[in-house]
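S.K.: have a look; sequence and predicted model below, questions after that.
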Amino acid sequence: MSGAEILLQPGVFPRLLQGLWVTVWIAGVSVGASIPVGLLMGWLMTLKNPVIRAAMRIYLDFIRIMPQLALLFLAYYGFARWFDWNLDATGACVLVFILWGGAELGDLVRGALQSIPKVQYESSYVLGLSPWQTFSRVILPQAVRRMLPASVNLATRIVKTTSLAVLLGVVEVIKVGQQIIDANRFQFPTGTLWIYGVIFFMYFIVCWPLSIVARRLEKRWSND
Amino acid sequence: MTFDWSFVQRYAPFFVNGTLMTLFISVFGILLAIAVGLVCAGVEIARIPVARQIVRIYIELSRNTPLLVQLYFLYFGLPKLGVVWSAETCAIVGLGFLGGSYMAEAMRGGLEAVPNVQRETAYVLGLTSTQTITRVILPQAVSTAIPGVVANVIFLFKESSVVSAIALADVMYMAKDLIGMYYSTYESLFMLVVAYLVILLPISIFGTWLERRFDYERR
Amino acid sequence: MTEPETTCKGFEVNHLVKQYANADKPVLDDISFKVEHGSVLVVLGPSGSGKSTLLRTIAGLEPIQGGTISINNQVIDAGKPGTERAGRSDRSSELRTRIGMVFQSYDLFPNKTVLGNITMAPVLVQKRDKSEVEAEAIRLLGRVGLADRKDSWPHELSGGQRQRVAICRALILHPEVLLLDEITAALDPEMVREVLDVVLELAKSGQTMLIVTHEMQFARAIADHIILLDGGHIVEESYDAQAFFEHPQTERAQQFLHTFEFE
Amino acid sequence: MTEPETTCKGFEVNHLVKQYANADKPVLDDISFKVEHGSVLVVLGPSGSGKSTLLRTIAGLEPIQGGTISINNQVIDAGKPGTERAGRSDRSSELRTRIGMVFQSYDLFPNKTVLGNITMAPVLVQKRDKSEVEAEAIRLLGRVGLADRKDSWPHELSGGQRQRVAICRALILHPEVLLLDEITAALDPEMVREVLDVVLELAKSGQTMLIVTHEMQFARAIADHIILLDGGHIVEESYDAQAFFEHPQTERAQQFLHTFEFE
Amino acid sequence: ACGPSAGTPSEAKSSDTGTSSSANAKARSLDEIKKSGKIKIAVFSDKAPFGYVDKDGKYQGYDVYFAEQLAKDLGVDPEYTSVDPAARVDVLTSNKVDLVLANFTVTDERKEKVDFAKPYMKVALGVVSPESAQITDVSQLDGKTLIIAKGTTAETWFEKNAPNVKLQKYDQYADAYNALLDGRGDAFSTDNTEVLAWAKSNKGFKVGITHLGDDDTIAPAVQKGNTELLNFVNDEIVKLGKDNFFHKDYQETLEPVYGNEVNPDDIVVEGGAV
Ligand SMILES: Nc1ncnc2c1ncn2[C@@H]1O[C@H](COP(=O)(O)OP(=O)(O)OP(=O)(O)O)[C@@H](O)[C@H]1O
Ligand SMILES: Nc1ncnc2c1ncn2[C@@H]1O[C@H](COP(=O)(O)OP(=O)(O)OP(=O)(O)O)[C@@H](O)[C@H]1O
Ligand SMILES: [Mg+2]
Ligand SMILES: [Mg+2]
């Protein structure tokens, strides 16, 4: 019997889509919340204060060196007990992705801010702009452009990494897939192949447009 | 709840084994990724007609899907087509499949960053095309590609933590196992963090050294 | 103010001292000169002699450690010793708009169109009416031959076009003095010409300017007044460009001018 | 070879035609000139007139669609129509070493020291003895005032120093003709001088050269022979630099030279 | 704000989101549960017929049947959280759920971490293997690979009592079964009820060992010290026992799978009395 028929079962696709929605929701919330966190982190990273500097360095390096899965476990099992912080699995995922996304985005913000030529600040000064006007009208818009392509790439990485949520028990697209595989394992023994195949392409369809956008932006803005 | 050092002592050997498994999978996976990356970068730079389109498609597929799903597909999906690979093979192939595209992009970036005037100068000086590639282009390409390649190596080491999902006994597997059996969450997570620091800190430091070593502008 | 007529209307620097942090001696050491209203001062000197530094201190971009800078007898910056590490001068926005500056690097804001670049400061800082400012911007663009490029983005312009826009951006604030620091150094010869023609035009219209340039032909043509900087001091000053270029008084000036001649 | 004395010893271009792919007309259209052995040709022309293209075709970097390029009457490249998309000329390594070229951008190999840059080609291509080559390299470095920098890395040098090393790298192959394409265009004035002094020195020592430059004073000082390119053609040619700069014959030349003069 | 949910309309994610923090990980009182109108229960979502999600995306199974009744008697709606076997202790200690009803075998180690209510089921371990290479005794497993799910009693038992068996551990039941189907191990061990049910519907597989280790009981679990809820659950079990509720549960959920091969009294525990 062809395993592909599993995909035609009533409810299979809608449920997978629902699962995908959870995936996208976690990624979306995480990316959304990472933006303010990242801006703040990025700003902190540009400060000269040695204590803040060192703290940010350690934070960033720790987040970079720890696998996301390890961070998820730390947040899910560790935090609740250490700090009496009651996070459900979804919450732990979102928290970790915000800490991670915030750190990576912060580094992008820092890089972008530091790459703005000094003469831009000087021109603004000479033209009489106030420091806030300089930052909001001149520096920030340029920094955003510079970091946007890399930030979109970061977003795809966050989407992909949501796949780890299943290992904490979040019922997202992979878990739904496993439930379907389990519920149909007598009728469709080869359903595994098809369900994982569909999930593979679902991720692809979410991430690919983002990759394309990132590449477009990079091309478009590389010349100025 | 207090921290149980004796538990850590008792189960540290498990984590040593887990670390070895992580190293085994990652090292071979990364070597495969580098090989795949070289081939793909070569195909793209040389603009080989059909192969180039295939490489593009491969890169898009690999970059835009999670390793966990790739592994599930290889491990649980392929047997339904009659292809049964061992968990180790799946993990290494999975890492190679994912990492290959990242490596390819880093290497292509390195090759493309060599200014055209370098090729022209080599031509005018009478160097043959082989001499131009080995003496002029590659050394410079390597220099620019290294930071990206090193970042990818660390990235792939980290990604390897998901192989525990296909029953490979890496460090992550050990941690989850001990939590599940003995509910020793603190101690297991502590050993997990230590294990990753032990693996990745030296690599990160070595990577920085390597970047410096090959940075002609800074050494 | 009811200053007697005899005092300087225009721009004046007195006993200016400027030292960078970690340096063992000042880059500018007791520099004094006046620029009459409507005249053009050309600052010459070898690389590293402090020409850019001089213009930057005048613009308020660098703190000064001694002396004063004044416009129409109003002191806008007075040196304080020990300020080597201080940031930019804390001049008011209004004061800053009275001195315009154009840099060597094409420093237009890449996130604004040509018109946006020119109109931003008058609208934000001088609170002028937007449509009036735009009308003036278009007039200025016409003067520098770029009337049709008002909606272009900086990256769509050649280097010469960008520098002309940068000049408009400075001019629209009606600065009492305009500082130009090697504005053609990064340009192709043809573009050099189109930019310098605009500057010559400005000089004729009576704009007070301080110009740093390596184009000797141009310097000779435009200068009402020349100073040659070296080792932190003014080594030669002249109000006659012809005379300066043909018969420099000091040995240092002869040597300097020789760099630009072959055989 | 027993060529009669009357034929040209030196370098010659005949009816050269060069068209880029996708262009509707040639950049260089029927260009012919000779450069006597030991003399210096300066190529002038506005931006985009094809000066760089001319030097690049001579160096073999661009395929040509018509005409011939020859050294000492030996044709080294002959045009073939329809080769717009072809790659570099397939000249032998030996032939390529007979023509040296230095580019505007500082094109030293960043992965080799100064000495490594200079000695690579003679050792690899001409199979010369390494120690002999190094000795000559050090001699050449001495000539351009860089004897003490042989072990430096390119990024440790100023732009002017890099260009002098690039000249040494070309000279060590003993090229019959040396092509210099705006080698000072990206340099500060003082560095311009130090590089051009080396080139003047070379001219005196009898090196055959083709030079593209925007430094008119320098062009006038060094040229034995001048061509002015425009619209794909040679619009004026002169064997008397003095006369060309003071009394250009064609209107185009007058107009071109005027770009470099003020008032 | 609520996270989105997938799989079932009846299942909603925990109502406190990731960033909101309660003062501590203390369990909710009965009153609080009633007031919120929802009781949070951890169940399996891929372990038919005890806890699984059916084709319509609804939670079903023996555990779920009981859970529905409990919630009804408490006057609230059940809110299910899908758990992996290994996570069952942690979801309680970190107060992610009020109650675990996920085929939770009572063991001494677990008793130290959570409080078990009276049992509603009893099991021993079983081992399922391909008919072609039947495993009928633990000694046959020496040097062979046994598939298990992490955090199950089977894992603990084999770790302790059969050091020569190579264990291949999966996070999820679905993965473990798939591994067995693909021939990645020689046998799979978990509660005998579970393997019996599975073998029945998978041709070519047979339960060679039906009874391994001690007879264990399965019971609901609550956070340690949450006596209020514990008492309520105990009272329920006693009360429901009077109506032979768990036999009815068996008929509804297990019988269609086990058929008449199994005697319900081997599995079902009524009124908490073993
Ligand atoms: N921010 C700084 N900190 C320390 N020293 C500086 C700084 N900027 C410039 N200097 C030093 O001050 C001296 C004068 O520099 P300045 O840029 O004013 O020279 P310049 O005359 O404009 O030279 P050029 O013709 O090369 O532009 C130089 O020795 C330079 O190294
Ligand atoms: N690779 C190329 N493909 C197509 N067209 C080209 C290419 N290189 C140059 N051109 C065109 O050929 C013409 C001549 O260019 P070239 O660089 O030779 O001019 P040039 O005289 O050296 O100018 P400049 O003084 O700016 O260096 C220009 O119109 C240019 O746009
Ligand atoms: Mg300067
Ligand atoms: Mg050119």
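M.R.: Perfect, I can see it now. Ligands and ions are numbered 1, 2, ... in the order given.
S.K.: which strand or helix spans the residue of chain A found nearest chain E?
M.R.: Across chain A, the shortest distance to chain E (Cβ to the nearest Cβ) belongs to residue A:91, at 2.1 Å. Glycine gets a C-beta too; all of them are placed from N, C-alpha and C. Assignment of secondary structure by DSSP states H and E places residue A:91 within helix A:89-115.
S.K.: how about that helix and chain C, any contact?
M.R.: No - using Cβ under 8 Å from any Cβ of the partner chain, no contact is recorded between helix A:89-115 and chain C, whose separation bottoms out at 12.1 Å.
S.K.: give the other helices and strands that that helix contacts.
M.R.: Using 3 or more Cβ pairs under 8 Å, 6 or more residues apart in numbering or on different chains; DSSP states H and E as the contact definition, the elements that helix A:89-115 packs against are helix A:12-46, helix A:50-65, helix A:68-73, helix A:140-161.
S.K.: show me what contacts residue A:120?
M.R.: Residue A:120 makes contacts with A:138, A:139, A:142, C:107, C:109, as judged by Cβ atoms under 8 Å, 6 or more residues apart in numbering or on different chains.
S.K.: show me what contacts the residue nearest to residue A:125 when sequence neighbours are not counted?
M.R.: Closest residue to residue A:125 in three dimensions, ignoring its sequence neighbours and counting by Cβ to Cβ, 6 or more residues apart in numbering or on different chains: residue C:88, at 5.8 Å. Residue C:88 makes contact with A:125, C:60, C:61, C:62, C:63 under the criterion Cβ under 8 Å, 6+ apart.
S.K.: swap the cut-off to 6 Å and go again
M.R.: A:125, C:60, C:61 (Cβ atoms under 6 Å, 6 or more residues apart in numbering or on different chains).
S.K.: which stretches of the chain have low pLDDT?
M.R.: All of this is about chain A. Across chain A, residues meeting the criterion (pLDDT under 70) sit at A:1-3, A:80-87, A:185-186, A:222-224.
S.K.: I was thinking of chain E, sorry if that wasn't clear
M.R.: Residues of chain E meeting the criterion pLDDT under 70: E:1-25.
S.K.: show me where chain B has its helices.
M.R.: Counting by DSSP state H, residue ranges of the helices within chain B are B:5-46, B:49-63, B:67-72, B:87-112, B:116-124, B:129-131, B:138-159, B:171-182, B:185-213.
S.K.: what residues does the worst-scoring helix or strand of chain B on mean pLDDT touch?
M.R.: The least trusted helix or strand in chain B, going by mean pLDDT, DSSP states H and E, turns out to be helix B:171-182, with a mean of 85. Surrounding helix B:171-182, the residues in contact under the criterion Cβ under 6 Å, 6+ apart are A:69, B:11, B:14-15, B:18-19, B:22, B:161, B:164, B:184-185, B:188, B:192, B:195, E:86, E:150-151, E:156.
S.K.: one more: stretch A:54-70?
M.R.: Outside stretch A:54-70, the residues within contact range by Cβ under 6 Å, 6+ apart are A:44, A:45, A:100, A:103, A:161, A:164, B:158, B:161, B:172, B:192, B:196, B:200.
S.K.: again, only this time at 7 Å
M.R.: Stretch A:54-70 has contacts (Cβ atoms under 7 Å, 6 or more residues apart in numbering or on different chains) with A:41, A:44-45, A:96, A:99-100, A:103, A:107, A:161, A:164, A:167, B:158, B:161-162, B:172, B:192-193, B:196-197, B:200-201, B:204.
S.K.: drop anything exposed from those residues.
M.R.: A:41, A:44-45, A:96, A:99-100, A:103, A:107, A:161, A:164, A:167, B:158, B:161-162, B:172, B:192-193, B:196, B:200, B:204 (16 or more other Cβ atoms under 10 Å in any protein chain shown).
S.K.: for the residue in the stretch 51-200 of chain C that chain E sits nearest to, what are its contacts?
M.R.: Using Cβ to the nearest Cβ, the point where the stretch 51-200 of chain C gets nearest to chain E is residue C:111, with a distance of 33.6 Å. When contacts are counted by Cβ under 7 Å, 6+ apart, residue C:111 is found next to A:141, A:142, A:145.
S.K.: just checking, what packs against the strand or helix carrying residue C:180?
M.R.: In the assignment (DSSP H and E), residue C:180 maps to strand C:177-181. With contacts defined as 3 or more Cβ pairs under 7 Å, 6 or more residues apart in numbering or on different chains; DSSP states H and E, the packing partners of strand C:177-181 are helix C:51-59, strand C:99-102, strand C:209-212.
S.K.: dump the biggest helix by length in chain E to CSV, keeping only the CA atoms.
M.R.: Secondary structure of chain E read by DSSP H shows that its longest helix is helix E:227-242. Below are the C-alpha coordinates for helix E:227-242, written out as CSV (Å, rounded to 0.1, in the frame of the first residue of the first chain):
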residue,chain,number,x,y,z
THR,E,227,-2.3,16.7,49.6
GLU,E,228,-5.5,18.6,48.7
LEU,E,229,-5.5,17.5,45.1
LEU,E,230,-4.1,14.1,46.1
ASN,E,231,-7.0,13.5,48.5
PHE,E,232,-9.5,14.6,45.9
VAL,E,233,-8.0,12.1,43.4
ASN,E,234,-7.9,9.3,45.9
ASP,E,235,-11.5,9.9,46.9
GLU,E,236,-12.5,9.9,43.2
ILE,E,237,-10.7,6.6,42.6
VAL,E,238,-12.5,5.0,45.6
LYS,E,239,-15.8,6.5,44.5
LEU,E,240,-15.5,5.5,40.9
GLY,E,241,-14.4,2.1,42.0
LYS,E,242,-17.8,1.5,43.4
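S.K.: low-scoring stretches of chain C, by residue?
M.R.: Under the criterion pLDDT under 70, the flagged ranges of chain C are C:1-8, C:263.
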